[in-house]
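In: Model the following, please.
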Amino acid sequence: MGGGFLFHVLTGNLSHQIEHHVFPDLPGNRYAEIAPRVREICARHGLPYVTGPLRRQYASMWGRMLRHALP
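Out: Next up, the predicted model:
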């Protein structure tokens, strides 16, 4: 969940996408507040909660897209 307030605003809170899907009616400015609780819930249930620098996330996304696009 790297990045500061301005980063989150400029990216439309994409770094808090899972929080958006868990709480779709919650205003975007509250996602950072609930992120630690969502992360703990994911850990408790063995679900991945992916975090990291934007560059690594972007590269990972392209890697997954290419892997799933190939026969």
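
In: what are the ranges of the helices in this protein?
Out: Using DSSP state H, the helices of the chain run over residues 5-10, 17-22, 31-44, 54-69.

In: Highest mean neighbour count across the ones you listed, which stretch is it?
Out: Among the helices of the chain, ranked by average contacts under mean count of other CB atoms under 10 Å, first place goes to helix 17-22 (a mean of 15). Heads up, the C-betas are built off the backbone N, CA and C, glycines and all.

In: Show me how far it is from its chain's centre.
Out: 8 Å (CA atoms, centre = their mean, to the nearest Å).

In: what's that helix packed up against?
Out: Helix 17-22 is packed against helix 31-44, with contacts defined by 3 or more CB pairs under 8 Å, 6 or more residues apart in numbering; DSSP states H and E.

In: The helix it packs on packs against which elements?
Out: helix 17-22.

In: ok, now how distant is residue 19 from residue 31?
Out: Look at residue 19 and residue 31: by CB to CB, to the nearest Å, they are 4 Å apart.

In: Tell me where the model's unsure across this protein.
Out: 1-3, 8, 11-14 (pLDDT under 70).
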